[in-house]
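S.K.: Need a 3D model of the sequence below.
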Amino acid sequence: MVEQRSGTVGQVGAKESSVQVRQTSQVVPDDLRRYCEHGHIALALAGVSDDNPLLLVNEPFYKLTGYDAPEVVGRNCRLLQRNAENQEAREKIHAFLEDDRVGAVRTTILNFRKDGRPFVNLLYMSKLRALSGEVRFLFASQFDVSRSQPELLTAYDAELSRTLARLRPTLAESGIVIEGSLKAIANSVATVAQAKLTLADLDGTGFP
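M.R.: Residues are numbered from 1 along each chain as shown. This next block holds a predicted model:
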């Protein structure tokens, strides 16, 4: 069971949070930082240079992965994949990162918590672009679909949709727009069932 802590993972204290962001050589607007850190679902913000380092993560991210901010800020989020192949998901993410026309991506991907337990992550990523056209940040949300139920996935989708809608005016104050749109899960029952099957297959092979 994950302990409850005061504050958010990305902001144990204002001083600590600002130091973590400076270490990645990218400054996150205060309004955007506060919005992400106080999100009700797992959220992360990454930079767009030097292997897309994580700039901040929030408390739900910690509860999901077991990784605290000092352990992941400045590192690429692929650390969650460990040795998993994830070929299809990697190809989708690569296309999202390399193709300027792709504003958002959503895919399931096999990840691992800090303690080594696997889970199927329903990953959503979107580009945050300045009015000049330059991509400033990568915004992401994560959800464990393999230990969920269809109704919980539906509730998460609704919360993610609200999060994105509320994020737009916050970004506008900093001259940033969020690209792409959220495609709702067409069949939450099938999505959850497939994720559970993936974990069952891992148990059968003894992976990792």
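S.K.: end to end, how far does stretch 180-189 reach?
M.R.: 25 Å (C-alpha to C-alpha, to the nearest Å).
S.K.: So what touches that stretch?
M.R.: 102-106, 122, 124, 126-127, 150-151, 153-154, 157, 160-161, 164, 191 (C-beta atoms under 8 Å, 6 or more residues apart in numbering). Where C-beta positions appear, they are placed from N, C-alpha and C, glycine not excepted.
S.K.: helices or strands next to the lengthiest helix in the chain in the packing?
M.R.: Using DSSP state H, we find that the single longest helix of the chain is helix 150-172. When contacts are defined as 3 or more C-beta pairs under 8 Å, 6 or more residues apart in numbering; DSSP states H and E, helix 150-172 sits against helix 30-37, strand 118-130, strand 135-142, strand 176-178, helix 188-205.
S.K.: Return the set of buried residues in it.
M.R.: By neighbour count on 16 or more other C-beta atoms under 10 Å, the buried set for helix 150-172 is 150, 153, 156-157, 160, 163-164, 167, 170-171.
S.K.: residues near Gly175, how many?
M.R.: By other C-beta atoms under 10 Å, the residues close to Gly175 number 12.
S.K.: Okay, now the unreliable bits of this structure?
M.R.: When residues are selected by pLDDT under 70, those of the chain lie in 1-25, 204-208.
S.K.: change it to 50
M.R.: 1-23 (pLDDT under 50).
S.K.: part of a strand, is Gln26?
M.R.: No - counting by DSSP: H, G, I helix; E, B strand; the rest coil, Gln26 falls outside a strand, being coil.
S.K.: ok, so what distance separates it from Ser49?
M.R.: From Gln26 across to Ser49, the span is 7 Å (C-beta to C-beta, to the nearest Å).
S.K.: same deal with Phe139?
M.R.: Distance of Phe139 to Ser49, given as C-beta to C-beta: 16 Å.
S.K.: higher neighbour count, the two?
M.R.: Neighbours per residue, other C-beta under 10 Å: of Phe139 and Ser49, the larger number sits with Phe139, 25 against 10.
S.K.: Tell me which residues touch that one, please.
M.R.: Phe139 is in contact with 36, 43-45, 125-128, 167, 178, counting by C-beta under 8 Å, 6+ apart.
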